[in-house]
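In: Fold the following, please.
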Amino acid sequence: MNTKVVLSQSPTGTLKELLQMAEDNYPLLKSKAWEIKAAEKAVATSKNSLIPSLDASYQLNYATYNNITGMAYPQFLVPVSGPPSAGNYYDGVFGSATSLLLNWQPVTFGQRSSRVNFSKAGMQYAKADAGNEIFQHKIRVINAYLDMITAAELGKVYQENLARTEAMLSVARTLVTSGIKPGVDTALLKAEMSRAKVELLNSRKYQEQTIITLSGLLATDHLPAVNDTIYFTKLPAAYLPADTVSNPQLSLYSSNIELSKARKKVLAKTIMPTLGLWGTAYARGSGIDYNGNVKATDGLAFQRYNYGVGLQLSIPVLQFAKIRSQVQQEDMLIRSNQEKLNEVILEVRKQNDLADTTLGTALLVSKETPLYYESADFSYKAIRSRYQSGLANFADLMQAQYALVKAAADNKTAYMAVWKALLYKAAVNGDLNLFLNQVN
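Out: The predicted model follows:
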């Protein structure tokens with residue numbers, strides 16, 4: 001189903017409100033927020049491994065009671081309790097059991113703390129990833145917002161051009177009627193009317209495209225009303241700090257390195273022993289008495305009760321040989337991630353130089369375009385007066401009008417180029433306030 005984007009008639013929304021709307025509505029950003037919450041739960045889960053396990057169980061069975069002494073590999077076999085039987089008996093008897101089993105590992109020689117630290121590193125990575133995604137998305141929102149208001153201003157330029165052409169067509173008809181101008185001027189101005197209409201329609205199409213793009217980034221079909229012309233009457237300050245340490249990409253790559261280091265520590269700690277404490281209390285019932293007599297239904301009740309406590313020290317003797325290559329692999333990944341971080345640092349530094357150059361040039365250009373526009377406007381008015389007096393031809397009039405339209409459009413885009421250069425500077429520095437503070 002196609003849904004048309006609607007511009008709200010409510011009070012004008014500010015750019016900061018649009019940025020907050022994007023952060024609240026956009027699905028990818030919401031998913032990043034859930035990833036952070038999941039990472040926080042992972043930290044809590046790793047800490048909860050200190051809590052002992054306590055399992056309660058009850059079983060009732062009906063089975064034969066044949067048994068044999070000796071060793072059997074436990075996998076794929078259901079164990080049978082009791083001493084060996086005198087022979088094979090295929091009659092089944094009831095058996096029952098219930099138990100409480102406590103298992104606690106209070107000492108892990110660093111394994112638990114390494115897993116907690118790994119979870120914390122994962123949480124920091126999730127936050128860095130979300131912060132980078134939110135920042136980059138806000139940059140896209142601001143860029144789309146600037147495109148939208150630029151399209152609106154250019155629409156005004158082409159609307160004024162159409163009005164001028166309509167006015168000149170009326171003047172030309174009068175001049176043709178009075179014999180001052182040839183009749184071909186009327187036909188030519190009608191053609192110019194069509195061209196002006198086409199330019200206006202194309203500008204409106206572009207404006208609709210920018211609205212759709214912005215609404216997609218805001219995840220809404222109802223954009224707040226926008227009426228912001230400050231970008232075409234004011235220029236930002238030229239001087240800006242060149243600090244790039246807050247760029248979220250640097251934090252993201254640094255967090256990835258810390259995550260790899262924490263993963264390496266978890267692997268390294270698996271060679272450490274674990275000290276476990278267990279305790280149990282259980283009861284058994286059997287349909288066979290101590291003399292081997294069958295009393296099948298006696299197994300429905302408990303006849304023997306036991307308890308036990310103990311310590312267990314588990315040492316993974318051969319674990320070192322197993323994980324050595326995995327630790328080496330993590331070392332290589334850490335080095336790889338460090339080089340990726342170095343690449344990002346280099347790229348950010350060069351982008352910062354490029355942003356300074358772009359901003360400086362845009363400011364210089366923006367100081368020239370108003371003079372160009374004023375000259376083009378003066379020339380057009382002068383030639384229009386000469387044309388109305390019969391002293392200038394149609395070609396001179398159209399050339400002056402083309403120059404005026406181009407100068408007006410260039411003046412708008414030159415001002416916007418400064419703001420976009422400032423946005424680029426803020427994106428490289430990782431600080432949106434460099435842009436937003438200039439707007440305010």
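In: what's the helix or strand for L311?
Out: strand 304-314 (DSSP states H and E).
In: Repeat that for T280.
Out: strand 274-286.
In: rewinding a little: what's the mean pLDDT across the strand holding L311?
Out: For strand 304-314, mean pLDDT is 90.
In: swap in stretch 354-368?
Out: 93.
In: What of stretch 85-102?
Out: 87.
In: what distance separates that stretch from the centre of its chain?
Out: 59 Å (Cα atoms, centre = their mean, to the nearest Å).
In: ok, now stretch 364-377?
Out: Distance, centroid of stretch 364-377 to centroid of chain: 41 Å (Cα atoms, centre = their mean).
In: And the contacts of that stretch?
Out: 235, 400, 403-404, 406-408, 410-411, 414-415, 417-418 (Cβ atoms under 8 Å, 6 or more residues apart in numbering). Bear in mind the C-beta positions are built from the backbone N, C-alpha and C, glycine included.
In: on that earlier part again, report the angle between the axes of the strand holding T280 and strand 304-314?
Out: Using axes from the mean of the first three to the mean of the last three Cα atoms, to 10 degrees, the direction of strand 274-286 lies 160 degrees away from that of strand 304-314.
In: Go through strand 274-286 and flag the buried ones.
Out: By neighbour count on 16 or more other Cβ atoms under 10 Å, the buried set for strand 274-286 is T274, G276, W278, Y282, A283, R284, G285, S286.
In: Go through the residues you listed and name the one nearest F378.
Out: Closest approach to F378 among the buried residues of strand 274-286 (Cβ to Cβ): T274, at 87.8 Å.
In: coming back round to it: could the buried residues of strand 274-286 go into JSON lines alongside distance to L300 and pLDDT?
Out: Shown next, in JSON lines, are the buried residues of strand 274-286 (distance: Cβ to Cβ, whole Å; pLDDT from 0 to 100):
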{"residue": "T274", "distance to L300": "39", "pLDDT": "90"}
{"residue": "G276", "distance to L300": "34", "pLDDT": "91"}
{"residue": "W278", "distance to L300": "28", "pLDDT": "89"}
{"residue": "Y282", "distance to L300": "16", "pLDDT": "90"}
{"residue": "A283", "distance to L300": "12", "pLDDT": "91"}
{"residue": "R284", "distance to L300": "12", "pLDDT": "90"}
{"residue": "G285", "distance to L300": "6", "pLDDT": "89"}
{"residue": "S286", "distance to L300": "10", "pLDDT": "88"}
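In: Closest one to T177 out of those residues, please.
Out: Nearest member of these to T177, counting by Cβ to Cβ, is T274, at 104.6 Å.
In: Identify the residues contacting stretch 47-63?
Out: Contacts of stretch 47-63 (Cβ under 8 Å, 6+ apart): 80, 92-106, 112, 115-116, 277, 300.
In: Longest strand in this protein, by number of residues?
Out: strand 93-107 (DSSP state E).
In: picking up where we left off before, check the contacts of stretch 47-63 for burial and list the buried ones.
Out: V93, F94, G95, S96, A97, T98, S99, Q105, R112, R115, V116.
In: the domain parsing of the chain - what is it?
Out: Domain assignment of the chain by automatic domain parsing yields the ranges 6-51+108-273+321-439, 53-107+275-314.
In: Check the buried ones among the contacts of stretch 47-63 and tell me the two furthest apart.
Out: Taking Cβ to Cβ, no two of those sit farther apart than V93 and V116, at 49.5 Å.
In: Parallel or antiparallel, which strands does the longest strand of the chain pair with?
Out: Strand pairing for strand 93-107, determined by DSSP bridges: strand 53-63 (antiparallel), strand 274-286 (antiparallel).
In: nearest to E166, of these?
Out: With distances scored as Cβ to Cβ, the stretch of the strands paired with strand 93-107 nearest to E166 is strand 53-63 (84.8 Å).
In: what helix or strand does E199 sit in?
Out: Element membership of E199, judged by DSSP H and E, is helix 184-218.
In: And that helix, what's buried?
Out: 185-186, 188-189, 192, 196, 199-200, 203-204, 206-207, 210-215, 217-218.
In: ok, back up a step: any idea which of the domains of the chain is most buried?
Out: domain 6-51+108-273+321-439 (a mean of 17; mean count of other Cβ atoms under 10 Å).
In: which residue ranges form the helices in the chain?
Out: Per DSSP state H, the chain carries helices over the ranges 15-25, 27-47, 111-177, 184-218, 248-269, 319-388, 394-429, 433-439.
In: now the helix holding E199: how far from the chain's centre is it?
Out: Distance, centroid of helix 184-218 to centroid of chain: 35 Å (Cα atoms, centre = their mean).
In: which helices and strands does that helix pack with?
Out: Applying 3 or more Cβ pairs under 8 Å, 6 or more residues apart in numbering; DSSP states H and E, we find helix 184-218 packed against helix 15-25, helix 111-177, strand 222-223, helix 394-429.
In: Let's have the ones you listed in CSV, adding distance to G310 and mean pLDDT.
Out: As requested, those are exported to CSV (distance: least, Cβ to Cβ, whole Å; pLDDT from 0 to 100):
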stretch, distance to G310, mean pLDDT
helix 15-25, 55, 91
helix 111-177, 21, 93
strand 222-223, 67, 82
helix 394-429, 61, 94
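In: and the ones you listed as CSV, adding distance to L363?
Out: As requested, the helices and strands packed on helix 184-218 are exported to CSV (distance: least, Cβ to Cβ, whole Å):
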stretch, distance to L363
helix 15-25, 21
helix 111-177, 16
strand 222-223, 30
helix 394-429, 6
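In: now for these, which one comes closest to N291?
Out: Closest among the helices and strands packed on helix 184-218, using Cβ to Cβ: helix 111-177, at 49.4 Å.
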